[in-house]
Structures are given as structure tokens and as C-alpha cells.
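Peer 1: Sequence first, predicted coordinates after that:
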Amino acid sequence: MTTLRRTLTSLERRPAISCRQASFCRLYCAQSTNVTSEDSSGEPTKPSSAEPTSEEVVGEASRMEFQAETRKLLDIVANSLYTDKEVFLRELISNASDALEKRRHAALTADAEADAGTDMQITITTDNDNGTLSIQDSGIGMSREDLVSNLGTIARSGSRSFLQQVAEEQGTAASSNVIGQFGVGFYSVFMVADHVKVFSRQQGSDVGYCWSSSGDGSFDVAEASNVSPGTKIVVTLKNDEKRFCQRYTVEQNIKKYSNFVGFPIWLNGDKLNTVDAIWTKSKSEVTEEQHKEFFRYVAQEFTDPRFTLHFSADAPVSIRAIFYVPHSHMEKWGMARQDPGVNLYSRKVLIQAKSDKLLPEWMRFLKGVVDSEDIPLNISRESMQDSALMRKLNSVLSKRIVRFLAERAKVDESAYLDFFREFGNFIKEGVCSDFELKQDAAKLLRFGSTAVKEDELISLDDYIGRMTPEQEDTIYYLVAPTRETALASAYMEACTANNIEVLVLTSTIDEFVMTNLSTYSSKKLESAENAKLNLKPTEGAESLSKEAADHLFIWMKEAVPQIKEISLSSRLVDSPAIVVGHESAAMRKMMSMMEAGKSPALPPQKLEVNGSHPIIRNLATVHESQPELAKMVAQQVFSNALISAGLLDDPRTIISNLNSVLSECLKPHVPLPAPVSRCATAEGETTAT
């Protein structure tokens, strides 16, 4: 706007400029925010409802032939270049927008042609009865020579020529808004059209022309009457493409691809593009209410965004972007994996909806738009061309998002924790799958801890700030179904005794996160199950002698075949034994799921026993005098150790042994039956008393 107002002022001072041109400039300044001119009541001016004058061909038509190579190229463009037929309307609207942009630029030059002064807009009309679709703009219009050169030559882009001319004149105001690049978009209409007529009249000219073709290798150009300044394309649709002359189909198409074109689009008298492309504005110009409205549009939700990131960058390409974090997502309810939520635009025209190239897959919970004026597109403008540049763009955007989330955590920790409780699994997925960003994404992780209350979460940086010298640069964590289970675990005893904080992980994915992360901020991540921590010996505590322990261990390995190795533990306090050096319980569960619920066979395990525990000391005493009872106890000690490690796949396998142990425990407490005595009766019989 500032540039245009300066231009207007300079033009008004030049004697060569006409009053009509100055009036047009003022009209443009009023319309530059994508609104039409208004009447005295403040309402937008709709296209006239009067019956329009019908264009007619009045001159003799000149038949011109496409060259043989050009015919083949036309067939490729019409039938093979585009993936979806519906993009033809996007291409025609983009051409109309470029024509209006050229008119806008011409009106700001001293040597401009006389301008009709009509509203700058695009008008689309559907005719279901006749099977036609009309797209009309009040743009710069075309002369006979323009029609022949622009429409008669495939891959000659009038917009590109215009941009080159503007660049030569060192003017850049119009170039950022021109959409066309390749000169093939118009011919996409032949994917759906039997016949196409283009009526056009150049601004300032009194003569109009009609270009017509069936896409069969030739086209006609003739003089026409009743042609309004600008261009009107009348598409006679094929029988199997008549859906494009239905209002609903056209409306949805426009809202999908062209909703943010910089000029008003009217469909059968109703204005469609009522939502502003707020990402093209500076951050300070957009209000919170506008962000809420735009979020509801782009995310198709009724709630407000949780967080909003609005930014622009100039490298590796010029980009304008808005990202929103919604309040919730559907994957938590067991729904299918959701699609990416960010759309790719180029010059406010949709290139790819729900693009999977802009951001890593783990950021699919985000909603928003990314717009780039010079992003490398393929000729159909349906996908990106330079994969290396796209990877760089992906890296720039994803790093900016991670940095933004880290900033939100510092600004409002409470709001961030609410976000993490809702979207934490996406962050964890990023740590597991994104090699480039996993260290940065790890800053966003939050876990429970033995040092805080049950409902509190901390970051890895918080943990590091409280580390003790005994930890030797190791961050300890423990995976358990619940916090209570973790605190009661035998593996927690050494950490508790040494006053070492342990992260409490209660999600199955957490162990994979820690395994993939491996280190953080030069600190090793290690499970408390593998902690090499020793307890200080307790004075006066009874323990097995080395000789008694060796004798017991030889017997236990024979009594319990699942034990591979056995040794005394230096990190147990209240538990009799633990399994060490075992495979991950979470990994066994994952393998079980992959094998249709069948767990792989559990290999023999290494067992560490607490030589001070009464069960172990008593077992060493009775294993020779009561071998059967001792064997049942030894088996139960081992089973309990498997349960603590999460390795017992089916608890029902220990029930029989457990019942036998309970029976033996109760025997000493059951009184013996009283002895039976016999006495003689008077008749000489004996009775039991």
C-alpha cells in the first residue's frame, strides 16, 4: 500500500497522466485489501443483475493451424500433464488474476491505455441447461495479436513476458502478485471442454475479438461485437464433465484452490473469497480474532487455536507461513493416522493440500499454510520440482516450529504442559524418527520424576540441574505401568538409597524414545534396571558367607533350570532377587504383537540375589534338609524377579507353584487331630471317645 500511494502521488504530479488514470489509482488503493468498491450504504458492489449483452462474432474468422509438434504438445497438456481435471478452473482463475494485475500495473504508468474504470473482479457463471461454464475478468484484455501469440502458442507465457518487462523497467510492485509461469495452464481447459470460446477486448480499445477452438489442432480468430473490456472464456463442457456447470462443484473448487486470489470472485452473483490471506500480512497487522477465524477455516474446526506461529523468511526461498496448534486431535481416540494439516500455496493459489513434503510426518498435528512466490514447481503446478531445496525448506520450517514450542514452554510452562499431555506422543515420535531434530525435539519432552509430585512433569534440563556427583553424567529412568509400580520396583532401591532422581516413564513408547535418544546434552540415558550403583554395607547386618553363597548358587541353578548365572547383589535393600542383563520388556511386548500375540521363548536369565534377605539366608539353611520345599521357594523367588522385570508373559504359569508354597507355609500352623481312646461298656462292647 505504501508503495502504491507513493506511486499515486508521483503520477498525480505528472502532467501527462489523465484524470481517468488518477481516479483508477485511488480506486485500486481502496480495493487493495481484496474488496470490491462500495455503494453509499457501505455494501460491496455486486455484478450487475441486468441481462448482459451477448457477444457476437461479426468479422470473418481466420482459421489457423497448430504445428504438428504443437498438436502433440497440446494433446499432452490436455490429457497427460495434470493429475486432477478439476485444476483447470484454478488455472483459468489464475490467468484472470494475472490479467487484472496487468491492468493494475498499466493504470499506474503514464503511458497506460485508457481504462474503462470498471471494478477489478472475476465473475463466474454456471449454466446447467446449456452445459457451459463462463469465467470473465475485467483485466487488461487482449488484442487480436495477443490472442494469436498467447493462446495460439503453447508454452508461451504472457505473464512471464510481463514480468520480464517489469523487471527491465525496474518495477517490482506487480511481479510478486503475478501467478502464471509456464504458459500451459489455459490448455488444461481441454481436459473437460468440447469447445472453448475466448472473447477479449483490450482496455482502451473499441474492438473485441473471439478466439475459439475445440483443441483438435486448429483455432479461429474473428472480430466480435458487444465484448466488454477484459476477457470472457465460455467453456462448453464434455458430456461426462457436466458436473463443472453445477454451482456446488464450482464453489467447492474455488474455495479449495483459489479462495485467496487477490481479487473478488463472484459466482452467480455471490462473492466467494471472503477470507483474507492473512499470512501475506505482517504479524503486527493481524488481530487475534482474525487468527481465530482463519484457523477455523483452514482446520475445519469450531474451536480456537492453542498456539499460533506467524512468521516469514527469505532463505532458502521467500516464504510466508502460519502454523496453528489445535486443542485436540483424533488419533488419541484410536482413529486412523491423521493426514498432514498444512497446505502449500504459491502466490495465494493452492498448489498442494495437506502437503507431506513441508514438514516431518510427526508434525502432522499442526494446521496452517505455507506460501512461497519462488518455490520450484513442476509445469502442472501440482508438486515441487527441486527435491533438495524442498528438504532444506522442510528443515527450516521444522526447526522454527521446534524453537517456537520451546519458547512457549519458557513463556507459559502450565500452558505448555497442557499441550504436551495432549500431543506428547507426536513429540516422542519425532525423537524416535527424526535423526536431524531429535536432540532439539528432546528439549520438548516432559516426564514424571521421583523428585516431584505425581501430577507434575519435568524436562530433561530440569533433571540435569539436580544431578548428583554419584550419577557420573548418567540420567536414570525406569519404565513401569504406573508410578506406584515404579516406586515399588526392586530396581529403584539402589537409586533411592543413594538419593538419585529417577525419571518415571509410564508409556510403552517411552522406552523406545530413550533408546533412540541414547544421550542428551552429553549425558548418557540409562535404565535403572541396568544401573551400576552399589550400596554402602550396613553395619551389623547378617549376610551369607561366600562359601554358603557359592554352595546355594550351585544348588539353585540345578533346582531352577531357567537360571543361567547367579551372583550376590550389591544394590538390593528389601527385595530378595532381581533379573539383570535382560532384554527389554517393551520390546518383548512389541514382538508379541507382531507375532499375533505369541511371545518369543524366554531365554535363561542372570539372577542377582540379596545375601542379607531372610528368604535367601533361610533358603541356604533348608535347601539340604527340605529340598522339595526349598525348590518351590527358589522357583517362586525367580518368578517374582521375572515379574519385577516385566518378563513374565503369562502369570498363570506360576499359580501351581505358588499354591504349593502357600500349602507348605500353612502346615506348621494346623493343629494335629486329637488321639482316639476306647472304653468298655456294661455289655462288654467298646466305644471310641
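Peer 2: Yep, that arrived.

Peer 1: quick one: buried residues of stretch 352-368?
Peer 2: Within stretch 352-368, the residues that count as buried by 16 or more other C-beta atoms under 10 Å are 352, 355, 358-360, 362-368. Every C-beta, even on glycine, is put in place using the N, C-alpha and C of the backbone.

Peer 1: Just those residues: which are in strands?
Peer 2: Using DSSP state E, the subset of these located in strands is 352, 367-368.

Peer 1: Out of the buried residues of stretch 352-368, the closest to residue 477 would be?
Peer 2: residue 362 (21.1 Å; C-beta to C-beta).

Peer 1: Tell me which residues touch the closest one, please.
Peer 2: Residue 362 makes contacts with 426-427, 429-430, 433-434, as judged by C-beta atoms under 8 Å, 6 or more residues apart in numbering.

Peer 1: Residue 58 is in contact with residue 223, isn't it?
Peer 2: Yes. Contact criterion C-beta atoms under 8 Å: residue 58 and residue 223 qualify, at 5.6 Å.

Peer 1: Can you pull out the low-pLDDT segments for this structure?
Peer 2: Scanning the chain with the threshold set as pLDDT under 70 gives 1-53, 65-74, 77-78, 80, 110-117, 154-183, 376-386, 537-541, 592-597, 674-689.

Peer 1: how deep is the closest residue to residue 561 other than its chain neighbours tucked in, by neighbour count?
Peer 2: Sequence neighbours aside, residue 604 is the residue nearest to residue 561 in space, at 7.5 Å (criterion: C-beta to C-beta, 6 or more residues apart in numbering). Counted with other C-beta atoms under 10 Å, residues neighbouring residue 604 total 12.

Peer 1: Ok, the one 3 residues further on next?
Peer 2: By other C-beta under 10 Å, the residues close to residue 607 number 25.

Peer 1: Please name the bridge partners of it.
Peer 2: Per DSSP bridges, the residues bridged to residue 607 are residue 566, residue 579.

Peer 1: Confirm for me that it is in contact with residue 568.
Peer 2: No. With contact defined as C-beta under 8 Å, residue 607 does not reach residue 568; the gap is 10.4 Å.

Peer 1: thinking again about what came up before, which of residue 58 and residue 223 has more neighbours?
Peer 2: residue 223 (17 against 13).

Peer 1: isn't the more buried one right up against residue 211?
Peer 2: No. Contact criterion C-beta under 8 Å: residue 223 and residue 211 do not qualify, at 11.3 Å.

Peer 1: before we move on, back to that, for residue 671, state which of the ones in strands among the buried residues of stretch 352-368 is nearest.
Peer 2: Taking those together and measuring to residue 671 by C-beta to C-beta, the closest member is residue 367, at 75.1 Å.

Peer 1: List the contacts of that closest one.
Peer 2: 295, 298-299, 301, 305, 323-326, 341-342.

Peer 1: Return the closest of the residues you listed with respect to residue 234.
Peer 2: Closest to residue 234 out of the contacts of residue 367 is residue 298 (33.3 Å), distances taken as C-beta to C-beta.

Peer 1: what pairs with the residue lying closest to the closest one once chain neighbours are set aside across the strands?
Peer 2: Sequence neighbours aside, residue 367 is the residue nearest to residue 298 in space, at 5.6 Å (criterion: C-beta to C-beta, 6+ apart). Beta-bridge partners for residue 367, by DSSP bridges, are residue 324, residue 341.

Peer 1: for residue 361, what are its contacts?
Peer 2: Counting by C-beta under 8 Å, 6+ apart, residue 361 touches 340, 429, 433.

Peer 1: Same check on residue 221?
Peer 2: Going by C-beta under 8 Å, 6+ apart, residue 221 touches 61-62, 64, 144, 147-148, 152, 209-211.

Peer 1: can you map out the helices along the stretch 501-650 of the chain?
Peer 2: Counting by DSSP state H, counting those that start in this stretch, the stretch 501-650 of the chain has helices at residues 508-517, 546-559, 585-594, 614-622, 627-645.

Peer 1: would you put the C-alpha positions of the fourth one in CSV?
Peer 2: What it means is helix 614-622. This file holds the C-alpha atoms of helix 614-622, laid out as CSV (Å, rounded to 0.1, in the frame of the first residue of the first chain):
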residue,chain,number,x,y,z
PRO,A,614,15.8,-63.5,55.2
ILE,A,615,14.4,-65.6,52.4
ILE,A,616,17.8,-66.1,50.8
ARG,A,617,19.5,-66.9,54.2
ASN,A,618,16.8,-69.3,55.2
LEU,A,619,16.9,-70.9,51.8
ALA,A,620,20.6,-71.5,52.2
THR,A,621,19.8,-73.3,55.5
VAL,A,622,17.0,-75.6,54.5
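
Peer 1: Figure out how far that helix is from the centre of its chain.
Peer 2: 59 Å (C-alpha atoms, centre = their mean, to the nearest Å).

Peer 1: Use 7 as the first number from now on
Peer 2: Right, with 7 as the first residue, what we last looked at is helix 620-628.

Peer 1: Just list what it packs against, helices and strands only.
Peer 2: Taking 3 or more C-beta pairs under 8 Å, 6 or more residues apart in numbering; DSSP states H and E as contact, the helices and strands that helix 620-628 lies on are helix 552-565, helix 633-651.
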